[in-house]
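Student: this one's structure only:
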């Protein structure tokens, strides 16, 4: 049903659009005139009907009172035969009375003209009653009057109470036929109105036909020509032998088309070249660029802007830019764009957080008005879009790094300063044991400060893009050196240190010093978070060769450091490699700089590898990483290097 209504609506709109302005004005004027005349006519008919209804009401009321006064004594005496004869004579003598009904105190009809109760009971086996209000007989001088509609017009119903000496005997109901003259007048007026309405529209239709034959055809030809000109076909000409204003208009149109054709021939190459230069320039710039007109229609957009706004595959040129911008961007720039289009401001700048599916980016949007050479009018608005996500992330990382380093440096410096000031001011009052304890604390905090500074410097070197030479490394030697370093520490804590290295382990591609640092950090953490009586194991073994994308088999050596320590909670495992993240903050155990695992991750990236872990709280943790096997043939070509 909706589809049918939509089709009908489109057909009416298309049909109406084909009319000329003159025809539309004529139709509108005709509609107004016809509606005014129809309104006046219906007002006159309504006035006549109201007057007729008022007259019928007065007549029915007076007639009902007269009849009630004559028949009430007869009903009181029980002389119903006389009542029947009187009523029959009265009904036969006038055509104004439609019916006469007599009902008793309970509303039961016992006599009526043109029918009466015995006939009703015999033919229809029903009883008729008149339902009246309870206080109806209170005022006999004011009968109840109403109207009801019938095929012959409105019938006036009059209900008169029958009273004798104040006693209520029943009710007399009389129906008064409508005034024939009023009915005839009303019908005549209605017929005249319909005839006038039809006549007016017949004249309008005839005028429309004449207009279509004499005016519409030239206008349509001119409209087609204008559309062709708008489409770029300047060779369009209209050849119609017309005079007057239409002929002059067609002549001027043909002259305009000729001038446009000549102008196109002279400037098309220059315009094309300039447009190509502009499009090339806009498409090659790193920032996103969108050019719109004063109506927010897109004129030009470069690939960078399409990528940032996810407009790939969408034709936005010629469309309203606000319909295609992301909601967060559209909400910010809508009002400034309209203000700039109206000349209220010349530029604006925004920084907006853009959330696209799983990607969260920060963009900077610059709005600038484009004016003519005289700077008198605004020709459009240039929208420059810059993706500053990386810049924001770097600034946040820099601020966080500085904040964390400042926080980590403040604690040991404060402790050192406090104990030294105490020794300086109260050194003579302190015992030798207390002075020694204070100096040991200062020494411990100095070592902690040194470790922090060294870790920061190491991390800074790794992230600075410094070049490291990767050569063949004897991993067995590096592991044994690390174990010798931490053997005494493990013995003091009562931790068993296990070494499981496969025999004849091949050389790996790496930097010896960096790998020593990785092993030291991982083994040191394992000892730090393993309780006395636990076990820390370091393993190294060769994996089965794998075939890479170039159908070449590559071998790798895996290194594992396992412990039976406190373990790492699942929510901490992803953040464990971030700077200054320390598990001891959660478990309140030993202190550390929080940079060790971040250094390990960066070193592994230098070795084109990654460090992995598996851990369970209360059971232990295992870190592992893979290193490529060193091949002599590759070393003869050139030593590998890594730059970040």
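Tutor: Received, thanks. Fair warning: this is a prediction, and the values are worked out from it, not measured in the lab. Numbers count the residues shown, from 1 in each chain.

Student: following the strand or helix carrying residue 206, which helix or strand comes up?
Tutor: Here residue 206, judged by DSSP states H and E, is contained in helix 180-211. From helix 180-211 onward toward the C-terminus, using DSSP H and E, the following helix or strand is helix 217-230.

Student: part of a helix, is residue 25?
Tutor: Yes: secondary structure assignment places residue 25 in a helix (DSSP: H, G, I helix; E, B strand; the rest coil).

Student: what distance do you get for it to residue 218?
Tutor: 18 Å (CB to CB, to the nearest Å). For every residue, glycine as well, the C-beta is placed using N, CA and C.

Student: compare the two (neighbour count), which wins?
Tutor: residue 218 (17 against 11; other CB atoms under 10 Å).

Student: now the more buried one: how far from residue 205?
Tutor: Distance from residue 218 to residue 205, counting by CB to CB: 21 Å.

Student: same deal with residue 628?
Tutor: Residue 628 sits at a distance of 93 Å from residue 205 (criterion: CB to CB).

Student: again, but for residue 175
Tutor: Going from residue 175 to residue 205 by CB to CB gives 47 Å.

Student: now do residue 143
Tutor: Relative to residue 205, residue 143 is positioned 54 Å away (criterion: CB to CB).

Student: okay, the two: which has more neighbours?
Tutor: For residue 143 versus residue 205, neighbours defined as other CB under 10 Å are more numerous around residue 143 (22 against 12).

Student: quick check: the more buried one vs residue 157, distance?
Tutor: When CB to CB is the yardstick, residue 143 and residue 157 sit 10 Å from each other.

Student: do the same with residue 437
Tutor: Counting by CB to CB, the separation of residue 437 from residue 157 is 120 Å.

Student: residue 112 now?
Tutor: From residue 112 over to residue 157 the distance is 13 Å, taken as CB to CB.

Student: mean confidence for whichever strand or helix holds residue 471?
Tutor: Taking DSSP H and E as the criterion, the element that holds residue 471 is strand 468-473. Rounded to a whole number, the mean pLDDT of strand 468-473 is 82.

Student: all helices for the stretch 201-350 of the chain, in order.
Tutor: Assigned helices in the stretch 201-350 of the chain, in chain order: 217-230, 244-284, 303-308, 327-341 (criterion: DSSP state H, counting those that start in this stretch).

Student: looking at the ones you listed, which is buried most?
Tutor: Using mean count of other CB atoms under 10 Å, the stretch among those with the largest mean neighbour count is helix 303-308, at a mean of 18.

Student: distance from that helix to the middle of the chain?
Tutor: Distance, stretch centre to chain centre, for helix 303-308: 21 Å (CA atoms, centre = their mean, to the nearest Å).

Student: and it, what does it pack against?
Tutor: Helices and strands touching helix 303-308, as assessed by 3 or more CB pairs under 8 Å, 6 or more residues apart in numbering; DSSP states H and E, comprise strand 288-292, strand 378-387.

Student: so what does the first one touch, helix or strand wise?
Tutor: Just to be clear, that refers to strand 288-292. Counting contacts by 3+ CB pairs under 8 Å, 6+ apart, the secondary-structure elements packed against strand 288-292 are strand 298-301, helix 303-308, strand 378-387.

Student: for those, give me TSV that also has distance to residue 574.
Tutor: Formatted as TSV, the entries for the helices and strands packed on strand 288-292 read as follows, by distance: least, CB to CB, whole Å:
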stretch	distance to residue 574
strand 298-301	39
helix 303-308	29
strand 378-387	26
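
Student: could you identify which of the helices and strands packed on helix 303-308 is most buried?
Tutor: Ranked by average neighbour count under the criterion mean count of other CB under 10 Å, the helices and strands packed on helix 303-308 are headed by strand 288-292 at a mean of 23.

Student: any idea of the angle that one forms with strand 378-387?
Tutor: Strand 288-292 and strand 378-387 are oriented at 160 degrees to each other (axes from the mean of the first three to the mean of the last three CA atoms, to 10 degrees).

Student: tell me the buried residues in stretch 490-509?
Tutor: 490, 495, 497, 505, 507, 508, 509 (16 or more other CB atoms under 10 Å).

Student: average pLDDT for it?
Tutor: Looking at stretch 490-509 alone, the average pLDDT works out to 89.

Student: and if you look at stretch 610-618?
Tutor: Confidence over stretch 610-618 (mean pLDDT, whole number) is 89.

Student: buried residues in it, which are they?
Tutor: Under 16+ other CB under 10 Å, the buried positions of stretch 610-618 are 611, 613, 615.

Student: among the buried residues of stretch 490-509, which pair sits farthest apart?
Tutor: Using CB to CB, the two most remote members of the buried residues of stretch 490-509 are 495 and 509, lying 31.6 Å apart.

Student: got the contact list for residue 288?
Tutor: With contacts defined as CB atoms under 8 Å, 6 or more residues apart in numbering, residue 288 is in contact with 302, 304, 305, 306, 307, 308, 309, 383, 384, 385, 386, 387.

Student: quickly list what it is bridged to.
Tutor: residue 385 (DSSP bridges).

Student: then the one 10 residues further on?
Tutor: Using DSSP bridges, the bridge partners assigned to residue 298 are residue 292.

Student: what about it, how many neighbours?
Tutor: Other residues within reach of residue 298 by the criterion other CB under 10 Å amount to 21.

Student: with residue 113 instead?
Tutor: Residues contacting residue 113 under the criterion other CB under 10 Å number 18.

Student: ok, now residue 177?
Tutor: Other residues lying near residue 177 total 20 when counted by other CB under 10 Å.
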